[in-house]
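*Asks:* I'd like to go over a predicted model; first the sequence, then the structure.
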Amino acid sequence: MLTRTLEYKIDSRFEETPSIGLIVLATDYTVEDEFRLILEKFPAVRLHHSRIANTDSITPESLADMAGRIMNCASILTPGSEIDVIAYGCTSATATIGEENIFELIRNAKPQSIATTPITAAFAAFRAFDARRIGLITPYIEEVNRTVARYIQRGGFDVPVLGTFEEKRDSVVSRISQASIENAVWEITQSNDLDAVFVSCTSIKMVEFCEQLEKDVRLPITSSNHAMAWHALRLAGLTTKPEGLGSLYSKLLDSREAETLPANTNSSNEEIIHEQL
């Protein structure tokens, strides 16, 4: 057998193309698909993802337990090569562990990367909407709901109403129907004075119908994946304003969003109204 050594050239487009790394929960069946749907509407972006081990039962303890594995999951994203933005894909774990702690773990693995999370992105989206009063929809159990709602309040926003499906299993959340989510949004918006709606949890599917639902309820709406993809793309330098993704994607980051920052510590004492959906 004749073996020949072949010449090759490096494609410079690899390093020139904006890159996003996504840390995905092992039990999340949704976020990668929703990112792909969104990225189809943008110029070329490299998307890389790693999986972080977690239990299907979403509790304060299981969420906090992921902190010890985040750095390793970030480190295996494009080893030996830089990546522009790394997004940790869990809203409730971010509220449990804290944004700045997650940013530090990601920076320890990838010092040159900008970090974001669903809650970081949601805060940026609320500011882009100029929204203060946020209607919150979650799939979580009560203990997790309290953590997420209070974190949003400490970020400087009011949560007048929280609607919850009260489902502990992440694998079940990914199967919640479009009609259920639409009904939940209608239910919390009809009798409450809100500036925007946030549907929390990266397992919830919403990207494909977010724009139409916004038009129907006449309020800005975003979800964990919807906001996190927008924030990651803007942080990576993409300014495309595609149609079909809702009003958030018509907006750019202002100067305050140039760097990822921890949530501020201003607390809101407004009572949250809980509604089981």
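*Replies:* Great, that's in hand.
*Asks:* and residue 257, what pLDDT?
*Replies:* On the pLDDT scale, residue 257 is placed at 64.
*Asks:* shaky segments in the stretch 1-150 of the chain?
*Replies:* By pLDDT under 70, the stretch 1-150 of the chain contains no weakly predicted segment.
*Asks:* quick one: the strands in it?
*Replies:* 19-25, 46-52, 85-89, 114-116, 133-138 (DSSP state E, counting those that start in this stretch).
*Asks:* among those strands, which is nearest residue 228?
*Replies:* Taking Cβ to Cβ, strand 85-89 is the member of the strands of the stretch 1-150 of the chain nearest to residue 228, at 5.3 Å. The C-beta positions use only the backbone N, C-alpha and C, and glycine is treated the same way.
*Asks:* tally of neighbours for residue 223?
*Replies:* 29 (other Cβ atoms under 10 Å).
*Asks:* and the residue nearest the centre of the protein?
*Replies:* The C-alpha lying nearest the average C-alpha coordinate of the chain belongs to residue 118 (Cα atoms, centre = their mean; 2.6 Å).
*Asks:* shouldn't residue 21 be in contact with residue 77?
*Replies:* Yes: here residue 21 reaches residue 77: they are 3.8 Å apart, a contact under Cβ atoms under 8 Å.
*Asks:* what residues do the two have in common as contacts?
*Replies:* 48, 49, 50, 83, 86, 110 (Cβ atoms under 8 Å, 6 or more residues apart in numbering).
*Asks:* circling back: out of the strands of the stretch 1-150 of the chain, deepest packed?
*Replies:* strand 85-89 (a mean of 28; mean count of other Cβ atoms under 10 Å).
*Asks:* returning to that earlier point: and the furthest pair within the shared contacts of residue 21 and residue 77?
*Replies:* Across the shared contacts of residue 21 and residue 77, no pair lies farther apart than 49 and 110, at 13.9 Å, counting by Cβ to Cβ.
*Asks:* list the residues that contact both of those two?
*Replies:* 21, 77.
*Asks:* pretty sure residue 239 is in a helix, no?
*Replies:* No: looking at residue 239 with DSSP: H, G, I helix; E, B strand; the rest coil, it is coil, so not inside a helix.
*Asks:* the closest residue to it other than its chain neighbours and residue 128, how far apart?
*Replies:* Distance criterion Cβ to Cβ, 6 or more residues apart in numbering; nearest residue to residue 239, sequence neighbours excluded, is residue 252 at 6.0 Å. Per Cβ to Cβ, to the nearest Å, residue 252 is found 8 Å from residue 128.
*Asks:* the two - which one has more neighbours?
*Replies:* The residue with more neighbours, out of residue 252 and residue 128, is residue 128; 23 against 12, by other Cβ under 10 Å.
*Asks:* TSV for the strands of the stretch 1-150 of the chain, including distance to residue 153?
*Replies:* Formatted as TSV, these follow (distance: least, Cβ to Cβ, whole Å):
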stretch	distance to residue 153
strand 19-25	25
strand 46-52	27
strand 85-89	21
strand 114-116	20
strand 133-138	9
